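Trainee: the sequence and its predicted three-dimensional model are supplied below.
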Amino acid sequence: MIGGAPRRRTLWSAALRNVLLPAGDRAFGQRMMARLRFLEQAQWWAPTQIQERRDALLRELIAVAYREVPFYRDLLASRQLTPADIRCPADLAKLPVVTKQMLRAGYPDKTTRPTGQKTYEARTSGSTGENFAVVEDHETKGWYSASFLLCLEWAGWEIGTPHMQTGMTLSRSLDRRLKDRLLRCHYVSAFDMDDAHIDTVLDRLEHHKLEHLWGYPPSLYFYALRALKRGWNRPLRSIVTWGDNLYPHYRKAMEQAFRAPVTDTYGVGEGTQVSAQCEHQRYHVHDLDVVVEYVDDEGQPVPSSAPGNLLLTRLHPGPMPLIRYRVGDVGVAGEQTPCKCGRGFGLMQKIEGRDADVVLTPSGNRLIVEFFNGLIDDVPEIDSFQVIQEQIDRITIRVVPRPGFSDDTKRNLIRESQRHGAEDLAIDIEVVDRIPLTPGGKRRYVINKIRQPHLSAHADGR
């Protein structure tokens, strides 16, 4: 919906919303569609009503975590607090900041809770390059999936409208294949970014008359550059990005090539959609999903115009609650002035913490940061990583090992990297005790020391 006005839906969209997807929710225990319907209405509530509901969710979260998760019960006890002391977001400052290292130390016995559903482990490198596991269940997945569907609606997409998504999950599980078929998703690889592969993507967009394109900003940026070079001129209706910084020159090239607005979204692999742009390109925080705090390195609040480390409190407890969790990203709070779109959610000015370089290969492939995330997230024997490129035909992957790391781990990582797009690169694995931070306190995933003229030529379009 735009401005609260209902949009006309196709018969297929109506069938998905009212019959097929609710049936899937019942089968998988997700409740995604019920949550989406709630959010479609709640986004237009007055800010005070949203805040009241958010605060009630926060109090419930704290009570559940205190009652059922030893890690948080001990955390509150260490500050001589009870759930009654945490009534609103301002009270969260009474608690210490929670880090990946703290959660790892108690994982899983002290940090998780039974929910009555089957649980599974999801791994993420976040924006720090540190391998980290969270436990999810289907209800938690349905919760954040509903918020992501809402973001797509903000971009002008309707459930069931054919679209293209570029990503790293090429081995599609049964539920993912079913989702692709029902939602009419054309899923393409983000591993292969050479010109020949991009040409097949553009041809597929043309052949199937697809009007919506989603994916990582670097992938879509390279698509746009190739489209401009080819003179590809079929306009799209929307472009949706996630996962990395959406630089101004990325946006400019995409909108020039595809003649459609770019909608950027921000979520984290720990099962939370945090914010997304509306049609006026302002980032709205999903206030009924998450509380966002902006703090300095000592955990103190920063001024609203200053960048701060993001602390996330996910309002749905799930099997592994996350409270005042330092995700590793940096963001800036937005001025809380009403947006022309009319939504009552709070505002975020920008996200600064997902910078990434691109690895180039001799054959012309471009390996974006998600290439390495997609491979290393599934290797529990690696704690954190960083990729260095100083020659066009060779890279070094620095890894901080975890228990179980061996020469086989090295060989498997090299083999999988070369099998998925780095076949013409020599790959050295360097085992280190730690990955150095930048002077700003960030860890860069990829450092490319080779001049990239085909990228820098467009960097002035910021």
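Mentor: The structure has been received and is ready for your questions.
Trainee: ok, now which residue in this protein is the farthest from the centroid?
Mentor: Among the C-alpha atoms of the chain, the one most distant from their mean position (CA atoms, centre = their mean) is that of Q80, at 34.8 Å.
Trainee: measure N412 to T48 for me?
Mentor: N412 sits 54 Å away from T48, going by CB to CB, to the nearest Å. (C-beta placed from N, C-alpha, C; glycine too.)
Trainee: show me which of these two is the more surrounded one.
Mentor: When N412 is set against T48 and neighbours are counted by other CB atoms under 10 Å, the residue ahead is N412, at 14 against 9.
Trainee: show me where the chain dips below the pLDDT cut-off.
Mentor: When residues are selected by pLDDT under 70, those of the chain lie in 1-8, 125-130, 353-356, 437-443, 451-462.
Trainee: mind doing that once more with 80?
Mentor: Along the chain, segments meeting pLDDT under 80 span 1-9, 124-131, 168-175, 352-357, 370, 437-444, 451-462.
Trainee: contacts for the longest helix seen in it?
Mentor: In the chain, ranked by residue count with DSSP state H as the criterion, the top helix is helix 47-68. Outside of helix 47-68, the residues within contact range by CB atoms under 8 Å, 6 or more residues apart in numbering are 42, 45, 72-73, 76, 82-83, 86-89, 92, 113-114, 287-288, 291, 313-317, 321, 323, 344-346.
Trainee: for the residue farthest from the centre of the chain, phi and psi?
Mentor: Taking degrees, to the nearest 10, you get phi 60, psi 50 for the backbone angles of Q80.
Trainee: tell me if R181 really is in a strand.
Mentor: No. The secondary structure assignment for R181 gives helix rather than a strand, going by DSSP: H, G, I helix; E, B strand; the rest coil.
Trainee: which ones are touching it?
Mentor: Taking CB under 8 Å, 6+ apart as the criterion, R181 is in contact with no other residue.
Trainee: try Y266
Mentor: For Y266, the set of contacting residues under the criterion of CB under 8 Å, 6+ apart consists of 242, 273-276, 283, 331, 348, 351.
Trainee: would you mind measuring from T112 to F71?
Mentor: Taking CB to CB as the measure, T112 falls 9 Å from F71.
Trainee: just T396 next, same as before
Mentor: For T396, the distance to F71 - CB to CB - is 36 Å.
Trainee: so for the two, which sits in the more crowded spot?
Mentor: Neighbour totals were compared for T396 and F71, and F71 leads with 21 against 16 (other CB under 10 Å).
Trainee: residues in contact with the more buried one?
Mentor: Counting by CB under 8 Å, 6+ apart, the residues that F71 touches are 102-103, 106, 110-111.
Trainee: sort out for me which of those are in helices.
Mentor: Using DSSP H to define helices, the subset of these located there is 102-103, 106.
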